[in-house]
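> Next come a sequence and a model predicted from it.
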Amino acid sequence: MFERIWRASLAPLVAATAAIAISSIALLISGNNPVEAFVEMWKTIDSTAAIVDIINTAVPLYISGVAVAIGFKMNLFNIGSNGQYILAALVAGWAGAEVSLPPLLHVPFVFLVAMTVGGSWALIAAILSVTRNVNVVVSTIMLNYIGIGLSAFLLSEYFRDSENGGLVAQTKVMPESARLPKLDPIFEFFGFNFGERVDLLGFLPFAILLGIAYHVLLNRSLFGYELKLSGMNADAAQSAGVNPKKMVLITLFMSGAVAGMIGLPFLLADPNFLKYGDAFPVTLGFTGLGLALLGRNSPVGVAAAAVVWATIEVATRRLGSLGIPPEIGKILQGSFLLAAVIAYEVVRRRNDAAAAEDAAAATRDDRSPPPSPAPEPAPIGATS
Amino acid sequence: MSDTGGDAIDTASAPIAIQLTDIVKRFPGVVANDGVNLTVRQGSVHAIVGENGAGKSTLMKTLYGAHQPNEGTITVKGEDRVFSSPKDAIADGIGMVFQAFMLAANLTVWENIVLGQEPGSRLSLDANEARTRIRDLGERYGLDVDPDALICDLGVGDKQRVEILKVLYRGAEILILDEPTAVLVPQEVDALFKSLRELTAQGSTIIFISHKLDEVLKHADAVTVIRQGKTVGEIPDPSTVTSNDLAEMMVGSELPTPETRDSTVTDEPVLQLSGLTVKAIDEGSRDPVHDVSFTVHRGEIVGIAGVEGNGQSELVRSLVGLLPSTGTVLLDGKDVAHMSTRARRDAGVGYISEDRQKDGLVLGFTLWENAALGHHHRPPFAKGPWLDIAGAKSRTDEIIEEFDVRTPGVDVPAFTLSGGNQQKLVVGREMTAEPKVLVAAHPTRGVDVGAQSVIWDILRDARAAGLGTILVSADLEELIGLSDRLLVMLRGEIVAEVDPSTVTPAELGSYMTGAKAGAH
Amino acid sequence: MSATIDAATVTSQRPPLLSSTRWRIVALVMVGMAVMSTARIIADNGDLTSSGTFGVALRTAAPIALAGLSGLIAERSGTINIGLDGMMVMGTIFAGWWGWQYGPWMALLGGIVGGMLGGLLMSVATTTFGVNHIVAGVAINLIAPGAARFMASELFVGVQGGSVTSSPGNSGSIGSFTLPFLSGGDLFGWQTPDILGWFEDTGWFMIADVAGLSKGVTTAVTWDVVLTIGLFFGIAYFLWHTPLGLRLRFSGERPSAAASLGVSVHKMRYIGMAISGGLAGMGGAVLVLFANRYQENQVAGRGFLGLATMIFGNWMPAGTAAGAGLFGYAQGITLRTNPAELVNALFLAAAIGLMLTAFFMAYRRSLAGSGTVLAFALVAFWAYFAVKEPNNQLVFVTPYVVTLIAVSVGAQRLRPPAEEGIPWFKGMQ
């Protein structure tokens, strides 16, 4: 058990070390003191308020990561999750504010709208791939920009809140029945007081549910088996009777549907937003790509990656007051990602070679030719 | 009997071109060469024989500089050598022709030949000089190829000629050929050795690896036998041995000969093909499979022989539903010709693909995940939409037990298994699904002799139990030994039917190359 | 990158500059011009094929073309370079920095250097460590903007005209070139007559449009764009007519064959990626020179547009240039004075062109494809009639829609390098 944890954390630890080293060098070159910077970062996150902040930040990041991970498992690169969630957030934000339903129905309604829009937008790329052989990376990127343009158009022409918004383009505020309450009261019941500044936003349980659903889908369901199969060996999947076109369509739709949820924490739970407008965060999709890679597409891995990412973000917010550029956070994140993907690959090869040797020794089959060398690097979907 | 006649005396006393002494080469988990000795005389055609996995290819790669030996010495024309890369070996006049052709399909013949030693200057490739030199070489040695042809447009025999020209272009005097006749029919084999004799007549030395003993005895001046990484026989005069002697040295015991037993063929048809056609993608190209009709009965193995590329792969794939086809395919009376792969498998079609690593297995999956492939949506592998992991594992245990798959457990990834064990797993998986018809393509390709005989037994037992099998293979021994009927495929059509118990390899080869037209 | 080809047609690839391909391109261009000319006349929009528009189109196409060329050389040498968008970003920040400090030519050099750094970094991951190419590319795309932001905060903040999102302007402009006689350029100080301009003004079918095109691409062409055009010929010659180019191509088609003949595949892939990064970075530099400064998010996905042109061009320089021209034109018209009308006229041109394509495909018997294309054509016709004044936001999406349609329509006979994207190590067969 211990060995498994060690095995799983070796690569990220190496990567983290490399990231800290690289960032320190960058700080030194630009005339800053790395020790000072890291100490300040540590101080920033050393409070309950900061932890809550980190969790709140991590929730939409996690959803973004899972959305992309679903596709990655099948070697489908849904690079366009940005466009999917922006459109989904806009339409859901507008639709949610247009109807009035009892709370138990209102929230699922918003979910449904968001997931349908996100899924359908991704489906366009899937259909183009299946019918016209269009590369998914190219089509999802194009749909990204088309989605941005389309949502700006829809917002300014049809979906805007003309009464309250004034000159600012935004949808109507989400009515009470669709809002998710903050979770502070639950924790206060147990004696945790988060203070005045931050509230633990109410979307967290949904994020956890998503993670569980993803795990069950991937490891216990037949669809998950076929998903992994298609990602690891498309030819074998076909010979085994899997319909590759169906898989592409379903998987991309699911990826888009989950991506559609990325905006929901802001629409439903964050009192700063509760509506879609110009201030809405619009780059979370790309971050999700990095998280999926860092987390090796596993439900727990992506969660850990999201937390790390959010931690860096929160920790670097106050560096400006010391004269240290907060952008060092980006260097930390970026170098961590690159070092991690390299470390994962190196560790995977060594593990595979070791596994081959162990098996060869255990079977002691003298007359057979040596086992085939470790296969070509597993597609992105492989966890090792 | 060697056909070199009077030359045999000369080559026996010719100077030694290559001497390998006590070569040891280790890989993680296995010792491929364990003290190998090799003596090759100049101007001779020297054969190296041994079964799959004996260490022949490894030895040749050492000689060629693709890797370095852990121990031992290489002596070329009397001088010790260390080759740190193929460049060094090339510089010493050694050229290797690989079993799998090392050619870029999208590029031209001349581009493939001159790579690494391009004529012209650094700023300009001299294509014309390349073409001229290639044509000259071709004429001198009888190896004619069009320098401007694209590799993908060439046939197997031509591609091999390109490979040989590649090494000759670099001034190779010592040529190593790894299983050169594996993909050739008997007539092409004769043509190849004729060219090789041209080369030795002009002073070259040829080393070739083979496991086809009849060929070896017919064409080689000297033979070295390797078993389990060691040299077990050095024969300077092949006329003194028979292929049985060689086989015994190779294997250490008697070769399992595929024998036919009492016929189990019934007259109940289980699979009837009628007018099966797979259309070409390109308009104007020949259909890969054209109007194929035959019947497989219960308890029968129908073998399909043919030079690779004549439609066998397409036929197999269309039967399993991977390629669209027209015509009818009746499985137990039901037309499955328009059914999906999954539906056909459910209906009772088993499939052993020709390349297990490509589409028979998922190397990164565990054994139980691989055992589920193809039937994973049904019990015992699944319950409704959910995976039944316990059920899958226990079924895998059964397969491992019954089909002699050597492995420490069901949770190891498939790539840790040897080729033979992987194939046994695949065969076992298909058999336990109790198919009505088995489509088997090259079922013992790349598999050691032990596993091969296990698989042959499995196929025979299944036949005796009533299974109907279509067997596509390039191994003529396998085809002749296992088939009850033997069909020959050429240019997408069935051109001949022969009786495996009476046909000779030469006759079969003639049908396969179209030199002789057969009755069907 | 390769689209998954199940039973897609695969044609033998011919080396470039063979007459049949050449004539086919000429024919295509003529038909294209005829379509544009017809649309211009019917929609009464002279700007559709004016020299001004084509001039902007060329300028806009240059960075996209460089991105496409960058992807081409990377993939031909065996590395799928998804990360070239990030390399363009690296190019912009370095170009903005050096352009401000040292002038426009140094900006160009800086861009190349910045992009090359990205290319080499990615190659370390893919070539040496065998990381999946898409993974490594995505990582580079995520890292580059962060690194750029960091550099900007260090270099530009606190300087006049600079901020974390923008650099101060370049010191000096790179200068441009106008063809004498045909386009009225200077000849030793003497203003030559503008012959093409005269033809353009006549408004005659085809003649005015061809004149517009010719004048557009020969007037006030900045030297960086001239360099870009030259690079296309240079890279094409390099890949198909030099020994190093042959070895590079082998590294993407059959690395084992190259290795068996003593070629260092790793070295070839590094060289390929270095050149690729340099080209992408230069694309970023061209953007900086156009805007006269570095701006955050300048690249705006042009790297991916470049990849699309590479696929559209079937991994050949000529086709890539054509694709870049098309996408550059689509993006260029959004920068003209009356983009809405232009886009509307473009709808008509697209509709006519797609309809012709559909009929051609039907004639060639690929009926399924022809149906899809016809559907697109009908949508375009509807758009022309219904959307007379497209919204700004819709105008913005034009190049991306055009790209999407182009790759959907042209996605047939693809022939990517056979073994690209497959990590290769010593001892592999």
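That came in fine, so what should we check first? Numbering: from 1, shown residues only, chains lettered A, B, ... in the order given.

> roughly how far apart are B:His290 and B:Asp144?
30 Å (Cβ to Cβ, to the nearest Å). Using the backbone N, CA and C atoms, a C-beta is placed for each residue, glycine as well.

> Then A:Leu128?
A:Leu128 is 47 Å from B:Asp144, by Cβ to Cβ.

> So for the two, which sits in the more crowded spot?
Shown here are A:Leu128 and B:Asp144; by other Cβ atoms under 10 Å in any protein chain shown, A:Leu128 has more neighbours (24 against 13).

> which non-adjacent residue is nearest the more buried one?
A:Val134 (4.1 Å; Cβ to Cβ, 6 or more residues apart in numbering or on different chains).

> Can you report how many residues neighbour the residue in the stretch 201-350 of chain B positioned nearest to chain A?
Scanning the stretch 201-350 of chain B for proximity to chain A using Cβ to the nearest Cβ identifies B:Arg342 as nearest, at 3.2 Å. Here the count is done by other Cβ under 10 Å, and B:Arg342 has 16 residues near it.

> Does it touch B:His376 like I think?
No: between B:Arg342 and B:His376 there is no contact under Cβ atoms under 8 Å: 10.1 Å.

> Report the separation between the two terminal residues of stretch C:150-170.
20 Å (Cα to Cα, to the nearest Å).

> Name the residues that touch it?
A:26, A:30, A:325, A:327-328, A:330-331, C:93, C:96-97, C:99-100, C:103-104, C:107, C:149, C:288-289, C:292-296 (Cβ atoms under 8 Å, 6 or more residues apart in numbering or on different chains).

> For that stretch, what is the distance to the chain centroid?
Centroid separation for stretch C:150-170 versus its chain: 28 Å, with Cα atoms, centre = their mean, to the nearest Å.

> which regions of the stretch 101-250 of chain B lie under the pLDDT threshold?
Scanning the stretch 101-250 of chain B for pLDDT under 70 picks out B:186, B:244, B:247.

> Name the nearest residue to C:Leu231, sequence neighbours excluded.
With Cβ to Cβ, 6+ apart, the residue lying closest to C:Leu231 is C:Leu69, at 6.7 Å.

> That neighbour: neighbour count?
31.

> need the next SSE after the helix or strand where it lies, C-terminal direction.
C:Leu69 is located in helix C:51-76, with elements delineated by DSSP states H and E. Of the helices and strands lying after helix C:51-76 in sequence (DSSP H and E), the nearest is helix C:84-102.

> Going by contacts, tell me the helices and strands next to that next one.
Packed against helix C:84-102 by the contact rule (3 or more Cβ pairs under 8 Å, 6 or more residues apart in numbering or on different chains; DSSP states H and E) you find helix C:51-76, helix C:104-123, helix C:133-155, helix C:265-291, helix C:302-312.

> Pick the most deeply packed of those.
helix C:302-312 (a mean of 30; mean count of other Cβ atoms under 10 Å in any protein chain shown).

> ok now it, how far from the chain's centre?
The mean C-alpha position of helix C:302-312 is separated from the chain mean by 6 Å, Cα atoms, centre = their mean.

> angle of it against helix C:265-291?
With axes from the mean of the first three to the mean of the last three Cα atoms, to 10 degrees applied, the angle from helix C:302-312 to helix C:265-291 works out at 120 degrees.

> What is helix C:302-312 packed up against?
Right, helix C:302-312 is packed against helix A:136-154, helix C:51-76, helix C:84-102, helix C:265-291, helix C:317-332, helix C:398-409 by 3+ Cβ pairs under 8 Å, 6+ apart.
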